[in-house]
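Participant: everything below, folded, please.
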Amino acid sequence: MMTRTFEEMCAERDPLYAEMKPIGAFSEALSSDQYAELLHHADAEIAHNRELAYRDAVLLILAVRTLRNQGEPHYTEAK
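Facilitator: Residues are numbered from 1 along each chain as shown. Okay, the predicted model is just below:
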């Protein structure tokens, strides 16, 4: 039975991990893909926020119109 300490396992893993990391053009391709994915998510979030802002504006107009129809003095048109 072989028992190994955490330090021994890390000493073995670190050189292997360093050798397996992408380098050069492959590394640049991975980072550009990640950047493109990040931009895609940012664009999707902006579009979602734009939809929410439009929905809120429409709901505000409907709420004001409803209050005007109820005859609330604060929302009736000035004469």
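
Participant: give me the contact list for the lowest-mean-pLDDT helix or strand in the chain.
Facilitator: Counting by mean pLDDT, DSSP states H and E, the chain has its least confident helix or strand at helix 6-20, which shows a mean of 75. With contact meaning C-beta atoms under 8 Å, 6 or more residues apart in numbering, helix 6-20 is reached by no other residue. The way it works is simple: take the backbone N, C-alpha and C, and place the C-beta from them, glycine included.

Participant: can you name the next helix or strand after it?
Facilitator: Per DSSP states H and E, helix 6-20 leads on to helix 24-69 as the next helix or strand towards the C-terminus.

Participant: now do that following helix: distance to the chain's middle.
Facilitator: Centroid displacement of helix 24-69 relative to its chain, using C-alpha atoms, centre = their mean, to the nearest Å, is 9 Å.

Participant: so where's this structure shaky on pLDDT?
Facilitator: 1-3, 18, 22, 71-79 (pLDDT under 70).

Participant: for L60, see how far away H48 is.
Facilitator: Distance of H48 to L60, given as C-beta to C-beta, to the nearest Å: 19 Å.

Participant: and I46, by the same measure?
Facilitator: For I46, the distance to L60 - C-beta to C-beta - is 21 Å.

Participant: burial measure for L67, as a count.
Facilitator: Counted with other C-beta atoms under 10 Å, residues neighbouring L67 total 13.

Participant: perfect, I'm done here.
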